[in-house]
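# generate coordinates for the sequence data below:
(one chain, ligands or ions: 1)
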Amino acid sequence: MNRITSAAEYKKTYKASVDNPEKFWATQAKTFKWKKKWKKVLDWDFRKPDVKWFVGGKLNITENCLDRHLKKRGDQTALIWEPNDPSRPYKSYTYKALHKEVCKFANALKKNGIKKGDRICFYMPMVPELAIGVLACARIGAIHSVVFAGFSATALADRIKDATCKMVICSDYNSRGAKNIPVKKVVDEALKKGCKSVKTVIVHENTGDKVTMKRGRDKWWHNVTKDQKGNCKPTVMDSEDELFILYTSGSTGKPKGVVHTCGGYMVYTSYSFKNVFAYEDNDVYWCTADIGWITGHSYIIYGPLLSGATTIMSEGVPTYPDAGRFWHICEKHKVNQFYTAPTAIRALMAQGDHWPSHYDLSNLKVLGTVGEPINEEAWQWYNKFIGKGKCPIVDTWWQTETGGIMISPIPNALKTKPCYATHPLPGIQPCLVTPEGKEIKKKKAEGLLCIKYPWPSMIRTTYGDHERCRQVYFSAFDNMYFTGDGARRDSDGSYRIIGRVDDVINVSGHRIGTAEVENAINEHDNIIESAVVGYPHAIKGQGIYAYVITDGKVKDKAKFKKELDAVVRKFIGPIAKPDKVQLVSGLPKTRSGKIMRRILRKIASGDTKNLGDISTLLNPDVVKEVIKGKV
Ligand code: PRX
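The predicted structure is shown next:
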């Protein structure tokens, strides 16, 4: 697999990838071990959508993540795990050891009735068993659905039911900063909400604190793996067999299960990993994301392991026990590539410039960001205090649906530019379109970001509802994938992502649907109606602003705010708690009764001068009141 190392090479490679995508991806795919070669590289029709890569090819992704490396790098470290508490020892697994653990757990899954195609839900903190479990599923062709362990029992139950999971794998507790958060208890609660498909719960002992085990259903991880063999034949999968489901939020309705398949995802995550992070043999790479999100799937587990890398996963939070924790880990493991979210950078920047100066960061070569736009101030700080001006910053734009990084600088090949994700990776054909669906050909332009040609790791369907996939991503513009983002393009063809143009807000890099938050808020007894919008937030990127109409019985506003937090926690999780709540007597609506979110967004952002024409509203008077009551 080629790694691009110069501007000329990028230009040449990009051109080749667009002129003959099939040839280009076939070349990349040859790096891997296939049980049977594909008959055709690509079959596609965006209108259905129906996209197939490496058609007829047979493989197992874990054979490529693990077995393939055993001969050359069996004793090399594959995975390092840093615990929440720095006084506890870290763990590391060589490729050999990881292979063995994955096989043992894969055998345990089989012993517990799991077969190819079964869905397994993971609800776990960042412990090595999460990575091992996910790979064990892939080993035997079971489909993993990892749910971020910060979601509530209701949200977890919704996801378990949607995918009709047969098994849930969890931990007893989650050590996060100074907190010890119950995990198994949340699973117990979720399973009381009609998750009839779940037959078994496997519980990993993390902190050892007390949990209740249900006889016949719940089993300890250490017991089920105890007598298993360290060898498990990988199940042969079709390129287009499902690898995993990952739920993500959209503008409307409940979160949808984005489905990724084996062959294309394997090729693309590895290709993008090597190129974007300029990964070289023996480098140590660390991505601080949680495996509950796509970044953790593609760039903690699959991309790095497919590339024979040493990948770190960490349990803790950036500020525990202090704001030097990240830099301490970088020093301790001599990290070469470091990948995090702008929110974390802003939070650490706010703690003072001296924190990184206590640590030796000289091994760093590449710094990355993901999940939200990075503002110039944070970019400059990252560059100066962490990269010491010598590490390219790769601002990587992509999505759960894209499976891998789509637009990003490539170290030493594509220049970095603050706030710009810059150029598409080879094989990626982005374009800007007008709201009417016309592609904007002029280089310097602003528009809706679409992708006009398939790439190997793209979404195949939304689990159990293919029509929803078509409707959300492929119906807005003919023959294109619509990202939901707006972007600007410079005269040099460099892209700057502006942000979501739909009703999705990005809070600390977490994607939250406003409709979901509204539905949760509306569960409160005193709420008549609500409207939720995003507004600029200094640390989180965007904050959640809720406008609520109550039944007039709310007396204590502080208490009421706490109650709203509690309902949101109950239905979604703490990440979706509103930062600001404003009580209003009405919401600006069109004559057909639609809430004018555009106006609410502007007011929440403090931009009350450019509200546009409000005279056509059903209730223009309410706007003045909303402005006056802004919190
Ligand atoms: O709005 C974009 C933003 O995050 C959204 C995707 O969120 P999610 O599926 O949770 O995946 C996040 C991790 C890949 C996008 O639609 N986003 C992601 N990366 C960037 C970004 N916005 C600006 N710059 C980025 N680098």
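# can you list contacts of stretch 33-50?
With contact meaning CB atoms under 8 Å, 6 or more residues apart in numbering, stretch 33-50 is reached by 21-23, 25-26, 29, 51-60, 63-64, 67-68, 236, 239, 263, 454, 469-470, 473-474, 478-481. For glycine as for every other residue, the C-beta is placed from the backbone atoms N, C-alpha and C.
# residues in the stretch 201-350 of the chain within reach of the ligand, list them.
Residues of the stretch 201-350 of the chain found near the ligand (CB under 6 Å from any ligand atom) are Thr248, Trp293, Ile294, Thr295.
# can you redo these as a markdown table with neighbour count?
Formatted as a markdown table, these follow (neighbours: other CB atoms under 10 Å):
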| residue | neighbour count |
| --- | --- |
| Thr248 | 18 |
| Trp293 | 21 |
| Ile294 | 25 |
| Thr295 | 25 |
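# mind putting those residues into a markdown table with secondary structure and pLDDT?
Shown next, in a markdown table, are these (DSSP: H, G, I helix; E, B strand; the rest coil; pLDDT from 0 to 100):
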| residue | secondary structure | pLDDT |
| --- | --- | --- |
| Thr248 | strand | 97 |
| Trp293 | coil | 98 |
| Ile294 | helix | 98 |
| Thr295 | helix | 98 |
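# returning to what we had before: let's see which of the contacts of stretch 33-50 end up in strands.
Assigned to strands by DSSP state E, the following of the contacts of stretch 33-50 qualify: Val51, Lys52, Trp53, Phe54, Val55, Lys58, Leu59, Tyr481.
# which of these are close to the ligand?
Among the ones in strands among the contacts of stretch 33-50, no residue sits close to the ligand (CB under 6 Å from any ligand atom).
# nearest to the ligand among the residues you listed?
Ranked by distance to the ligand (CB to the nearest ligand atom), these are led by Tyr481 at 11.8 Å.
# count of neighbours near the closest one?
For Tyr481, the count of nearby residues is 24 (other CB atoms under 10 Å).
# which non-adjacent residue is nearest it?
Of all residues not flanking Tyr481 in the chain, Ile451 sits nearest, at 4.5 Å (CB to CB, 6 or more residues apart in numbering).
# would you list the phi and psi of the one you found?
Taking degrees, to the nearest 10, you get phi -120, psi 130 for the backbone angles of Ile451.
# thinking again about what came up before, make a markdown table out of the ones in strands among the contacts of stretch 33-50 and add pLDDT.
Supplementary listing: the ones in strands among the contacts of stretch 33-50 in a markdown table, determined by pLDDT from 0 to 100:
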| residue | pLDDT |
| --- | --- |
| Val51 | 98 |
| Lys52 | 98 |
| Trp53 | 99 |
| Phe54 | 98 |
| Val55 | 98 |
| Lys58 | 98 |
| Leu59 | 98 |
| Tyr481 | 98 |
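# need the buried ones from these selected in PyMOL.
The buried residues among the ones in strands among the contacts of stretch 33-50 can be selected in PyMOL (16 or more other CB atoms under 10 Å) with this line:
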select buried, resi 51+52+53+54+58+59+481
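# spell out which parts of the stretch 351-500 of the chain neighbour the ligand.
Residues of the stretch 351-500 of the chain lying near the ligand by CB under 6 Å from any ligand atom: 370-373, 395-400, 421, 483-485, 497, 499-500.
# tell me which residues touch the residue nearest to Tyr481, please.
Thr402, Met406, Ile428, Gln429, Pro430, Cys431, Met458, Met480, Tyr481, Thr483.
# what's the single longest helix in this structure?
In the chain, ranked by residue count with DSSP state H as the criterion, the top helix is helix 95-111.
# show the average pLDDT along that one.
Averaging pLDDT along helix 95-111 yields 98.
# could you identify the most distant pair in the ones in strands among the contacts of stretch 33-50?
Across those, the longest distance by CB to CB is 26.9 Å; it joins Lys58 and Tyr481.
# for Ile393, list each beta-bridge partner.
Applying DSSP bridges to Ile393 yields these beta-bridge partners: Leu367.
# and the helices in the stretch 201-350 of the chain, which stretches?
Per DSSP state H, counting those that start in this stretch, the stretch 201-350 of the chain carries helices over the ranges 221-226, 262-276, 294-296, 303-306, 325-332, 342-349.
# now for the second one, which elements pack on it?
Contacting helix 262-276 under the criterion 3 or more CB pairs under 8 Å, 6 or more residues apart in numbering; DSSP states H and E are the following elements: helix 21-29, strand 50-55, strand 58-59, helix 61-62, strand 237-238, strand 242-248, helix 303-306.
# ditto for the fifth one
For helix 325-332, the packing partners by 3+ CB pairs under 8 Å, 6+ apart come out as strand 337-340.
# and the strand it packs on, what's buried?
Gln337, Phe338, Tyr339, Thr340.
# tell me the one of the residues you listed nearest Ala190?
Ala190 lies nearest to Thr340 out of the buried residues of strand 337-340, by CB to CB, at 29.8 Å.
# now for the residue lying closest to that closest one once chain neighbours are set aside: which residues touch it?
Leaving aside its sequence neighbours, Thr340 sits nearest to Thr288 (CB to CB, 6+ apart; 4.5 Å). Counting by CB under 8 Å, 6+ apart, Thr288 touches Ser314, Pro318, Phe326, Phe338, Tyr339, Thr340, Ala341, Ala344.
# list the contacts of the fifth one.
Looking back up the chat, that one is Tyr339. 277, 285-289, 295, 299, 367-370, 396.
# could you redo the last one with a cut-off of 10 Å?
Residues in contact with Tyr339 (CB atoms under 10 Å, 6 or more residues apart in numbering) are 273, 276-277, 285-289, 295, 299-300, 366-370, 394, 396, 405.
# how about the strands in the stretch 451-600 of the chain?
461-462, 481-489, 495-500, 504-507, 510-513, 527-537, 541-550, 580-583 (DSSP state E, counting those that start in this stretch).
# closest one to Phe122 among those?
Of all the strands of the stretch 451-600 of the chain, it is strand 510-513 that lies closest to Phe122, at 17.8 Å by CB to CB.
# and that closest one, C-alpha only, in PDB?
This file holds the C-alpha atoms of strand 510-513, laid out as PDB (Å, rounded to 0.1, in the frame of the first residue of the first chain):
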ATOM      1  CA  HIS A 510     -20.700  14.700  19.800                       C
ATOM      2  CA  ARG A 511     -23.500  14.600  17.200                       C
ATOM      3  CA  ILE A 512     -26.900  15.400  18.700                       C
ATOM      4  CA  GLY A 513     -30.200  15.600  16.900                       C
END
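# strands paired with it, and their directions?
strand 504-507 (antiparallel).
# what about the strand it pairs with, near the ligand?
Yes. Using CB under 6 Å from any ligand atom, strand 504-507 reaches the ligand at Asn506.
# buried stuff in the longest helix of the chain?
Buried residues in helix 95-111, defined by neighbour count with 16+ other CB under 10 Å: 95-110.
# and those, which is closest to Pro411?
Using CB to CB, Tyr95 comes nearest to Pro411 of the buried residues of helix 95-111, at 25.3 Å.
# so the closest one makes contact with Glu101?
No. Judged on CB atoms under 10 Å, Tyr95 makes no contact with Glu101 at a distance of 11.0 Å.
# what do those two both touch?
Joint contacts of Tyr95 and Glu101 (CB under 10 Å, 6+ apart) are Leu66, Leu79.
# what residues are up against Lys441?
By CB under 10 Å, 6+ apart, the neighbours of Lys441 are Cys431, Leu432.
# cool, Thr416 as well?
Leu367, Trp379, Asn383, Cys391, Pro392, Ile393, Val394, Asp395, Ser408, Pro409, Ile410, Thr422 are the contacts of Thr416 under CB under 10 Å, 6+ apart.
# so what's the second one closest to, chain neighbours aside?
Spatially, and ignoring its direct neighbours in sequence, Trp379 is nearest to Pro418 (4.2 Å; CB to CB, 6+ apart).
# residues from the stretch 501-631 of the chain in reach of the ligand?
Asn506, Arg511.
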